[in-house]
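Visitor: Next comes the sequence, and after it the predicted model I'd like to discuss.
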Amino acid sequence: MSITSTPKDFQVLFLDMNSFFASVEQQIRPELRGIPVGVAPYVGGTGCIIAASREAKEIGIKTGCLVKEARKIYPKIKIIEARPALYTIYHKEIKKVIESFSPYFQPLSIDEFIIFLTPGEQNLHTAKKLGQAIKDKIRCDVGDFLTCSVGIGPSRFLAKMAGEMKKPDGLTVIKLSELESFYSKIKLLDITGINHKLEFRLKNFNLLTPLDFFTADMPKLRSILGHAGRLWWYRLRGYEVDNQISQTKTIGHSHVLAPDARNFEGAKAVIRKLIYKSAYRLRQSELMAGGVFVAISFYDGPSFKKGASVSPFSDTGSFISNVFGLLKDCHWYKNPSYVAVSAFNLKSSKNIQLCLRQTQAPFGAIFSEIEKSRRISEAMDKIDDEFGVGFIHPASVFSARDSAPDRIPFGKPRYDIRNF
């Protein structure tokens, strides 16, 4: 499907797990069922709730609420520290269920999936039957307390909009013939991709409702929003304009050092851990990096920041060697407070090949070490895939094993509306 193809009904099925992290916690801990639960990376008052249970949402506690604000609303709310490895396990089990119904699917995030329906599935009866069957199998095979909302529409944008219409545990269909009625029942901010800034701009041009937005002609939208106005005209009408995948430009991690790590050895150990996490993501994304960057802030001196282009790599050993090569130029002041590493100049690993076996000494010996590091990295990846990232780690990061824990960030868009 593309912007050049005429939209048709029942093209895409969108699946969104309801209150996913909180529901997983309630799934494995039955005593949490029926009570308000919030999941946060930090359980202190300034922590941000990244998932609220259905019971919490019913009393006004929403995703994005601070923990202290949630406790004001309901002092007895149960706040649980996020466990990304656990949610990843459930994500993989849900993925297995979807795979059992269709090979034509794509995860959008840890709790969202889209399924591209085949010609034989592109009718109302079959599409709804498929959506209900997936919902039922998730509850049967993965967890009886897990529910999801399903939307079916002409494009991934409209399928997601349909999925948002009825939560929790809904199944909604949007047809092309019903778009005018659909847009007349919602608000501008209900449209995926519309934020307060865009809402304000549209209202300044007398587009006060989604129906106004939908019925505006393309020249008017282009005069207001430029090229993005053209895309919105097509998107609102069910054309598939969001099927491109944004290219990842950098992969990295940063961490504010705990007091006991604010020293030379502690900072180095945390940097190594950040490298291991970043290298894992690099390989999971099937990417190689042609550059590295490292930064350190100090309480007692100026910050150090340096980056450099390097030979393409994806193995952890090369990542470490490149970063610590840059750190040779760092003047280490007392009390380091913050560290960060990243890889850039990313390219698909499928497009870069190193002819290791044909390379002669002395370069052959170097490439032999790279190949050895690659194999070690891949072996560690398999263990991490099975038991969670960080399950196995080298002795060099032992002192930092509790630093920079895996987090599921709040605020990152889970559906990329492309307005360029």
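Guide: Yep, it's here. Treat the numbers as computed from the prediction; the structure is a model and nothing was measured.
Visitor: quick one: low-confidence parts of the stretch 101-250 of the chain?
Guide: 244-248 (pLDDT under 70).
Visitor: try the stretch 301-420 of the chain
Guide: Confidence mapping of the stretch 301-420 of the chain against pLDDT under 70 gives the ranges 350-420.
Visitor: burial of the nearest residue to residue 14 once chain neighbours are set aside, as a residue count?
Guide: Spatial nearest neighbour of residue 14, excluding adjacent residues (C-beta to C-beta, 6 or more residues apart in numbering): residue 159 at 3.7 Å. From N, CA and C alone the C-beta is placed, and that goes for glycine too. Here the number of neighbours of residue 159 (other C-beta atoms under 10 Å) works out to 28.
Visitor: So residue 159 belongs to a strand, correct?
Guide: No. With DSSP: H, G, I helix; E, B strand; the rest coil as the criterion, residue 159 is assigned helix and is not in a strand.
Visitor: Checking residue 308 next. Helix, strand or coil?
Guide: When the rule is three-state DSSP, residue 308 gets the label strand.
Visitor: At the geometric centre of this structure, which residue sits there?
Guide: Closest residue to the average C-alpha location of the chain: residue 109 at 4.7 Å, with C-alpha atoms, centre = their mean.
Visitor: roughly how far apart are that residue and residue 74?
Guide: 27 Å (C-beta to C-beta, to the nearest Å).
Visitor: still on that earlier bit, bridged to the residue nearest to the centre of the chain, which residues?
Guide: On the basis of DSSP bridges, residue 109 is bridged to residue 112.
Visitor: distance of it from residue 325?
Guide: 35 Å.
Visitor: Over to residue 315?
Guide: According to C-beta to C-beta, residue 315 and residue 325 sit 15 Å apart.
Visitor: So which of these two has more stuff around it?
Guide: With neighbours defined as other C-beta under 10 Å, residue 315 and residue 325 compare such that residue 315 has more, 22 against 14.
Visitor: That one is in contact with residue 280, isn't it?
Guide: No. Counting by C-beta atoms under 8 Å, residue 315 stays clear of residue 280, with 11.0 Å between them.
Visitor: who touches both of these two?
Guide: Counting by C-beta atoms under 8 Å, 6 or more residues apart in numbering, residue 315 and residue 280 have no common neighbour.
Visitor: circling back to that earlier point, who are the contact partners of the residue nearest to residue 14?
Guide: 11, 12, 13, 14, 114, 151, 152, 153, 174.
Visitor: let's see 10 Å
Guide: By C-beta atoms under 10 Å, 6 or more residues apart in numbering, residue 159 lies in contact with 10-15, 114-117, 150-153, 172-174, 238.
Visitor: Sitting in strands, which of those residues do you find?
Guide: 12-15, 114-116, 150-153, 172-173 (DSSP state E).
Visitor: quick one, helices of the stretch 1-150 of the chain?
Guide: For the stretch 1-150 of the chain, helices defined by DSSP state H, counting those that start in this stretch occupy the ranges 20-28, 54-58, 67-73, 84-101, 124-137.
Visitor: can those helices go into a markdown table with extra columns for distance to residue 233 and mean neighbour count?
Guide: As requested, those are arranged in a markdown table below (distance: least, C-beta to C-beta, whole Å; neighbours: other C-beta atoms under 10 Å):
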| stretch | distance to residue 233 | mean neighbour count |
| --- | --- | --- |
| helix 20-28 | 33 | 23 |
| helix 54-58 | 34 | 19 |
| helix 67-73 | 39 | 16 |
| helix 84-101 | 32 | 17 |
| helix 124-137 | 26 | 16 |
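Visitor: quick one, what contacts residue 177?
Guide: residue 9.
Visitor: shift numbering so it begins at 860
Guide: In the new count, where the first residue is 860, that last one comes out as residue 1036.
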